[in-house]
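Student: coords please:
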Amino acid sequence: MSWQTTLVKCLQEKMKLELVIRKKWKTAWKDTDVDLSSVVVLQKLRNLKADKSPGPDGIHPMLLKSCAEAVAEPLSLIYQASFDVGIIPQDWKTANAIPI
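Tutor: Here you go, the predicted model:
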């Protein structure tokens, strides 16, 4: 079996799995009222605590807060697209948890 055939098979299986996930996601969340508008994202960015340390992405909250108006719309579109397809990027599931 050539590598192209193997690649096509893997992609087809992944697409089937994603379709199943999307169907389950939309069924589970169809009645949920989630507002991911740029206005809400802008409000959340403005309310960030600038004295906190950055998360796993390395972006400092002070930077996000100061650039809130510029990044609110693109972030809103990204969040809405993720919600619509029902897939959350793996990086968003990463957190720095430090026991006290």
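Student: how far does stretch 53-63 stretch from start to finish?
Tutor: Stretch 53-63 has its terminal residues 11 Å apart, counting by Cα to Cα, to the nearest Å.
Student: how about residue 95: what's its closest non-neighbour residue?
Tutor: Leaving aside its sequence neighbours, residue 95 sits nearest to residue 56 (Cβ to Cβ, 6 or more residues apart in numbering; 6.5 Å). C-beta: built from backbone N, CA, C; applies to glycine.
Student: so who does that neighbour touch?
Tutor: Residues near residue 56 by Cβ atoms under 8 Å, 6 or more residues apart in numbering: 91, 94, 95, 96.
Student: what's the separation between the last one and residue 52?
Tutor: Just to be clear, that refers to residue 96. Counting by Cβ to Cβ, to the nearest Å, the gap from residue 96 to residue 52 is 11 Å.
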